[in-house]
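Student: Kindly return the folded structure for what I paste below:
(one chain, ligands or ions: 3)
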Amino acid sequence: MAASKEEALKYHSEGRKGKIEVIASKPCYTARDLSLAYTPGVAEPCREIEKNDDEVYNYTAKGNLVAVVSNGTAVLGLGDIGPHAGKPVMEGKGVLFKRFADIDVFDIELKTKDPKEIIRAVQLLEPTFGGINLEDIKAPECFEIEEELIKTMNIPVFHDDQHGTAIISCAALINATEVAGKKLKDLKIVVSGAGAAAISCCNHYVAAGCSLENIAMFDTKGHINKKRTDLNKYKQKFAQDIVYKDLADAMKGADVFIGLSKGNIVNQEMVKRMAKNPIVFAMANPDPEITYDEGIAARTDIIMATGRSDYPNQVNNVLGFPFIFRGALDVRASKINQEMKMAATLALAQLAKEKVPEIVINAYGGKEFSFGPEYIIPKPFDPRVLWYVAPAVAKAAMETGVARKPITNWKAYKEELQDRLGFSTEVTRVMVHKAQQNPKKIVYPEGEEEKIIRAAQSVYEDKIALPILLGNKKVIENKIKEIGYDLKHFEIIDPEHSDKSVIYSNKFYEKRHRKGITLHEAHLLMKQPNYFASMMVEMNDADALVGGLTYHYPQTIRPALQCIGVKEGLKVVSGMYIVIIKRKIFFFADTTVNIDPTAEELAEIAITTADAARAFDVEPKVAMLSFSNFGSASYPQSQKVAKATQLVKNLRPDIMIDGEMQADTAVVPEKLEKEFPFSTLKGTANVLIFPDLDSGNIAYKLFQRLTDATVIGPIINGMKKPVHVIQRGDTVQDIINISAIAVVDASK
Ligand SMILES: NC(=O)C1=CN([C@@H]2O[C@H](COP(=O)(O)OP(=O)(O)OC[C@H]3O[C@@H](n4cnc5c(N)ncnc54)[C@H](OP(=O)(O)O)[C@@H]3O)[C@@H](O)[C@H]2O)C=CC1
Ligand SMILES: CC(=O)C(=O)O
Ligand SMILES: [Mg+2]
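Tutor: Ligands and ions are numbered 1, 2, ... in the order given. So this is what the prediction gives:
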């Protein structure tokens with residue numbers, strides 16, 4: 001939803017001013033780091049690059065660094081507000097480059113309106129950057145500037161307002177035309193604006209199949225026609241023989257209105273006079289030529305888009321520049337040519353027709369959408385845009401001979417792109433891949449919950465597991481139908497009326513009759529989905545249980561412990577969190593179950609957590625944490641940790657472990673190496689075992705709340721059969737992730 005003025009100002013001024021900071025990608029904590037980052041070590045890459053210029057891409061950030069360059073002469077639809085006032089927008093573009101495509105940006109605001117000065121300034125920047133994104137420079141100067149830079153520079157130069165807008169709006173136009181049941185070549189198009197965005201969009205529409213002679217373009221002086229003598233060469237191309245009195249006149253019977261000018265210059269009457277199924281793209285920012293609400297109210301058959309994120313169909317270049325540069329940088333393209341732009345257009349248009357995955361629906365408030373008048377273009381938060389558009393651009397660059405570093409393994413490239421959106425996705429992908437190799441039956445006790453149904457659908461679709469939903473059959477079926485899923489994808493069981501209930505309660509009675517349970521109580525308990533689900537797993541009618549969305553933690557774990565119990569040879573189950581920070585993965589335990597474990601229990605927790613890390617393809621390096629370093633403060637608490645460490649060393653010599661040690665000793669290898677060279681733990685620990693629940697629980701929650709770490713869990717280790725607990729507030733994606741983990745656990 002649109003933010004208030006106060007919120008927007010606070011967002012920009014609060015804390016560190018503005019929206020960006022520069023972060024070092026290599027450590028610089030020790031004297032050794034200093035000698036590598038700076039002199040003398042830094043001289044080595046200098047020498048290599050001096051010998052071979054191309055090595056600059058291997059030893060510096062150039063290959064992933066883009067300059068967003070502006071002089072502030074056409075900032076959004078705010079006009080010529082100058083380089084300072086334009087800086088928030090340029091910083092914003094930097095944020096989007098990073099967020100959507102992991103590209104680093106320096107925003108560069110130039111204090112000049114002279115195209116020659118801009119050209120020279122940008123040319124001189126070539127050694128620093130892998131690409132140049134020109135932004136919010138007004139027409140017609142922007143055309144001359146871009147043309148000259150493309151001609152003289154050896155890295156991609158791309159004026160986003162021209163080509164980004166052209167690519168996105170053309171993709172939307174192709175799809176809107178299909179929805180309207182029309183043909184591109186027949187469209188009568190009226191365009192308000194004859195600047196950077198409008199001229200480039202119209203050129204691109206013509207390249208896609210629209211007819212030049214069907215385009216009526218307007219600037220501040222009115223209709224662009226052959227009678228006018230004030231037109232620059234870019235506008236002249238669109239000069240028509242016919243003369244329209246004004247915009248309203250041209251819009252009579254028009255199929256398409258394209259707004260790339262100024263807010264609030266189109267009224268409902270003008271829209272009412274357009275042809276059947278009119279296409280209206282009012283793209284001026286921040287205020288469109290006509291608001292979405294007004295457009296929709298004027299015509300029921302309208303296909304409407306704006307540049308804004310708070311309405312359906314956001315046609316905004318944010319869907320383009322991050323992904324187009326990603327593809328261009330990854331093949332080290334020397335330019336972004338027409339073929340690459342058209343490839344991006346077609347990839348976007350195609351993506352809008354694909355089924356929208358749960359992860360996207362969830363990011364947009366859980367509302368279903370599919371190809372049609374209200375969804376003609378993918379959403380910016382759809383992660384698939386990255387791996388649809390970037391490879392299409394890279395391929396086109398290779399096919400047209402502008403790629404200097406071709407891609408050979410497209411599958412690996414797609415995975416690399418997916419990883420760019422976060423290491424956490426990489427970790428969960430390992431689990432999903434593993435689960436897909438051997439899908440299992442998962443029972444979800446909270447089968448009436450919409451989030452569970454959505455997660456179950458994804459789990460089924462992605463072949464991770466076969467979902468079983470527990471709950472009232474009618475309620476679940478109605479919800480599934482309401483969402484629009486196929487009932488066949490789900491097995492639904494109502495514990496209140498299941499034939500299995502008697503078998504399960506008898507078995508439960510058998511297990512618990514010496515623990516105070518009567519047969520009658522067992523019957524009653526089996527009507528509860530949590531008990532029923534646990535018995536399903538115990539009796540092998542399901543392979544794993546995933547529950548806890550609406551319960552307190554013990555309400556899920558207690559029935560599981562009573563029905564299934566702890567793994568043979570173990571005394572305790574424990575809770576683990578995966579904490580991913582700065583692309584490093586850590587396993588924290590115990591974070592959720594054992595309040596004050598004994599040394600023996602702590603040893604068990606260390607072993608099960610180390611084994612769980614292996615399931616994620618991570619070789620465990622275990623640190624047994626304490627306030628003491630190897631006997632430096634000998635108290636019962638630290639002695640317990642030292643004893644547990646010794647027990648693990650005896651029981652499992654295959655596990656690299658040491659302790660007791662303080663947390664910084666565990667994660668700063670220089671400290672460990674220098675102060676405790678005898679340690680059997682080498683390098684940075686990745687499995688952190690906390691001495692008690694206080695410390696484990698506090699630590700993960702602080703990471704979750706105070707850092708930008710991704711925290712996944714809890715993951716229950718040590719149960720005889722897989723039971724995994726989700727939490728109130730978990731997203732559909734969280735449930736899918738835990739389901740994949742449960743399947744892998746069931747395959748062990
Ligand atoms: N949704 C999106 O992704 C994008 C939207 N835009 C929007 O498009 C608009 C133009 O940007 P850009 O092309 O970069 O800027 P330019 O300054 O290059 O062009 C502005 C154009 O709009 C024309 N114009 C201004 N007011 C009117 C009016 N009342 N009636 C008709 N034409 C008018 C100008 O006419 P003249 O030539 O006579 O000066 C000029 O041709 C902005 O609102 C911007 O926010 C831009 C890029 C991307
Ligand atoms: C979106 C954009 O780049 C603009 O409105 O200028
Ligand atoms: Mg812009």
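Student: Quick check: pLDDT value at the residue lying closest to D33 once chain neighbours are set aside.
Tutor: Counting by CB to CB, 6 or more residues apart in numbering, P27 is the residue found nearest to D33 once chain neighbours are left out, at 5.3 Å. In short, each C-beta sits where N, CA and C put it, glycine included. Per-residue pLDDT puts P27 at 79.
Student: Kindly report the same for S424.
Tutor: You'll see S424 listed with a pLDDT of 60.
Student: pretty sure the residue nearest to D33 is touching L34, no?
Tutor: No: judged on CB atoms under 8 Å, P27 makes no contact with L34 at a distance of 10.2 Å.
Student: my read: A666 touches A623, true?
Tutor: Yes: under the criterion of CB under 8 Å, A666 makes contact with A623 at 3.4 Å.
Student: Need the overlap of contacts for these two.
Tutor: Residues within reach of A666 and of A623 at once, by CB atoms under 8 Å, 6 or more residues apart in numbering, are L681, A685, L688.
Student: Which SSE is immediately downstream of the lowest-mean-pLDDT helix or strand in the chain?
Tutor: Here the helix or strand of the chain ranked lowest by mean pLDDT, DSSP states H and E is helix 358-363, holding a mean of 68. Of the helices and strands lying after helix 358-363 in sequence (DSSP states H and E), the nearest is helix 384-399.
Student: The stretch 101-250 of the chain against ligand 1: which residues are in contact?
Tutor: Counting by CB under 6 Å from any ligand atom, the stretch 101-250 of the chain comes close to ligand 1 at 138-139, 161, 165, 192-198, 218-221.
Student: Quick check: the gap between the closest residue in space to R728 that isn't next to it in sequence and ligand 2.
Tutor: Spatial nearest neighbour of R728, chain neighbours left out: L549 (6.5 Å); criterion: CB to CB, 6+ apart. From L549 over to ligand 2 the distance is 39 Å, taken as CB to the nearest ligand atom, to the nearest Å.
Student: repeat for M340
Tutor: Going from M340 to ligand 2 by CB to the nearest ligand atom gives 19 Å.
Student: Briefly note if the helix or strand encompassing that residue comes near ligand 1.
Tutor: Using DSSP H and E, M340 maps to helix 338-351. No: judged by CB under 6 Å from any ligand atom, helix 338-351 and ligand 1 are separated, with a smallest distance of 12.8 Å.
Student: Run through the residues that contact the residue in the stretch 251-400 of the chain that ligand 3 sits nearest to.
Tutor: Relative to ligand 3, the nearest point of the stretch 251-400 of the chain is N317 (6.6 Å; CB to the ion). Residues in contact with N317, defined by CB under 8 Å, 6+ apart, are D160, D161, G164, T165, I167, I168.
Student: Tell me the secondary structure of the fifth one, please.
Tutor: If I follow you right, that is I167. Put simply, I167 is helix when judged by DSSP: H, G, I helix; E, B strand; the rest coil.
Student: So which residues on this protein come close to ligand 1?
Tutor: Proximity of the chain to ligand 1 is confined to 74, 76-77, 138-139, 161, 165, 192-198, 218-221, 260-262, 265, 283-285, 307, 315-317 under the rule CB under 6 Å from any ligand atom.
Student: Buried ones only from those, please, as a PyMOL command.
Tutor: Filtering the residues of the chain next to ligand 1 down to the buried ones (16 or more other CB atoms under 10 Å) takes a single PyMOL command:
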select buried, resi 74+76+77+138+139+161+165+192+193+194+195+196+197+198+218+219+260+261+262+265+283+284+285+307+315+316+317
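Student: my guess is the residue nearest to R728 meets E449, correct?
Tutor: Yes: with contact defined as CB under 8 Å, L549 reaches E449; the gap is 5.7 Å.
Student: on that earlier part again, list just the nearest of the shared contacts of A666 and A623 to E354.
Tutor: L688 (40.9 Å; CB to CB).
Student: Look up how far L625 lies from K643.
Tutor: K643 sits 14 Å away from L625, going by CB to CB, to the nearest Å.
Student: Those two - which one has more neighbours?
Tutor: L625 (23 against 16; other CB atoms under 10 Å).
Student: Which strand residues bridge the more buried one?
Tutor: Here L625 sits in beta bridges with M661, as judged by DSSP bridges.
Student: quick one, what contacts it?
Tutor: Counting by CB under 8 Å, 6+ apart, L625 has contacts V641, G659, E660, M661, Q662, A663, A666, L688, I689, F690, P691, S695.
Student: Near the residue nearest to R728, how many other residues are there?
Tutor: L549 has 21 neighbouring residues, counting by other CB under 10 Å.
Student: Check D186 too.
Tutor: Residues lying near D186 (other CB under 10 Å) number 12.
Student: can you check the one 4 residues further on too?
Tutor: A count of nearby residues for V190, using other CB under 10 Å, gives 28.
Student: Next, the angle from the longest helix belonging to the chain to helix 384-399.
Tutor: Using DSSP state H, we find that the single longest helix of the chain is helix 82-101. Comparing the axes of helix 82-101 and helix 384-399 via axes from the mean of the first three to the mean of the last three CA atoms, to 10 degrees yields an angle of 100 degrees.
Student: For helix 82-101, which outside residues touch it?
Tutor: Residues contacting helix 82-101 (CB under 8 Å, 6+ apart): 12, 18-20, 66, 68, 70-72, 75-76, 78, 103-111, 133, 135-136, 160, 318, 321-323, 325-326, 380, 385-386, 390, 420.
Student: Report the spatially closest residue to A435, excluding sequence-adjacent ones.
Tutor: Excluding the flanking residues, the one nearest A435 by CB to CB, 6+ apart is V743, at 3.8 Å.
Student: For the one you found, report the pLDDT, please.
Tutor: 94.
Student: Let me see the contact set for it.
Tutor: K434, A435, N438, P439, K440, I442, I464, A465, D543, A544.
Student: who's in contact with the nearest residue to N267 once chain neighbours are set aside?
Tutor: Take N267 and drop its neighbours on the chain: the residue closest to it by CB to CB, 6+ apart is I290, 7.0 Å away. Going by CB under 8 Å, 6+ apart, I290 touches G259, N264, I265, V266, N267, Q268, M270, V271, V280, A282.
Student: now do 7 Å
Tutor: Counting by CB atoms under 7 Å, 6 or more residues apart in numbering, I290 touches V266, N267, V271, V280, A282.
Student: Distance-wise, check it relative to D494.
Tutor: Using CB to CB, I290 is found at 52 Å from D494.
Student: got it, and L260?
Tutor: Between L260 and D494 the distance is 57 Å, computed by CB to CB.
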